[in-house]
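K.L.:
structure for this input, please:
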Amino acid sequence: MSLPVVIVLASGRGERFAASGGTRHKLQARLGGKTVLQHTLDAVQASGLPWHLEDAGHPGMGDSIAAAVQATWPSTGWLILPADLPLVQGDTLRAVAAALAHHEVVVPVYRGQRGHPVGFSARCGPALLGLKGNKGAAIVVAAHDAIELIVNDAGCVTDIDTVDDLRAAERLMASAPQQQ
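P.N.:
Residues are numbered from 1 along each chain as shown. Next comes the predicted model:
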């Protein structure tokens, strides 16, 4: 059986990061000696799952997801991972992928907060291909039998949208080094 594909979404403009005082794109900001994007890609590579980086600059998250699903079609499923989650753990990606064998949609949850990557089975493919605009895949999650998968990974909810978020991620890395 083939594995689902991790789709790393890196098409956003990072406007909130710039508005908060960031001097470069948030994915190129330095975090512990590497860029935010490189941390995310390292976790994806450590998961052992196939992956696709979607960085073509689409107008909205829905457009980015649809383009990435099209580029990786056919697949047994997809894990949608925004590129601004540098502390996500490879174990979390593997756990979501494993749960997709039995569920249509899998949403990781850390301490009551929904996170990423959100996993979608192949049955969700046509709906993901039809996404447009800024809403992302929330409509697909709502339309399918989604399960919440409890994880012990603060990285699945630690996204970098502002300079303060980057500082918080630095503190989290310093206090509890993340395992990939």
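
K.L.:
the one helix or strand in the chain whose mean pLDDT sits lowest: what's the following helix or strand?
P.N.:
Every helix and strand of the chain was ranked by mean pLDDT, DSSP states H and E. The lowest is helix 15-19, at a mean of 86. Remark: after helix 15-19, the chain's next helix or strand is strand 30-31, criterion DSSP states H and E.

K.L.:
what lines up beside the helix or strand immediately after that next one in the chain in the sheet?
P.N.:
For strand 30-31, the following helix or strand on the C-terminal side (DSSP H and E) is strand 34-35. Applying DSSP bridges to the sheet, strand 34-35 is found paired with strand 30-31 (antiparallel).

K.L.:
what average pLDDT does the partner strand get?
P.N.:
Here strand 30-31 scores 94 as its mean pLDDT.

K.L.:
what do you get for stretch 121-130?
P.N.:
97.

K.L.:
which ones are touching the spatially closest residue to residue 22 that is not a sequence neighbour?
P.N.:
Using C-beta to C-beta, 6 or more residues apart in numbering and skipping the chain neighbours, the partner closest in space to residue 22 is residue 163 (5.3 Å). Backbone N, C-alpha and C define where each C-beta goes, glycine included. Residues near residue 163 by C-beta atoms under 8 Å, 6 or more residues apart in numbering: 17, 20, 21, 22.

K.L.:
can you pick out the most distant pair from those residues?
P.N.:
17 and 21 (8.5 Å; C-beta to C-beta).

K.L.:
compare neighbour counts for those two and give me the winner.
P.N.:
Between residue 17 and residue 21, residue 17 has the larger neighbour count (other C-beta atoms under 10 Å), namely 24 against 9.

K.L.:
how close does the more buried one get to residue 105?
P.N.:
Residue 17 sits 29 Å away from residue 105, going by C-beta to C-beta, to the nearest Å.

K.L.:
residue 28 - nearest residue in space that isn't next to it in sequence?
P.N.:
residue 35 (5.2 Å).

K.L.:
show me what contacts residue 151?
P.N.:
Contacts of residue 151 by C-beta under 8 Å, 6+ apart are 92, 95, 108, 109, 110, 115.

K.L.:
er, residue 109 I mean
P.N.:
Here residue 109 is in contact with 115, 148, 149, 150, 151 (C-beta under 8 Å, 6+ apart).

K.L.:
wait, a helix at residue 2?
P.N.:
No. Counting by DSSP: H, G, I helix; E, B strand; the rest coil, residue 2 is located in no helix; its state is coil.
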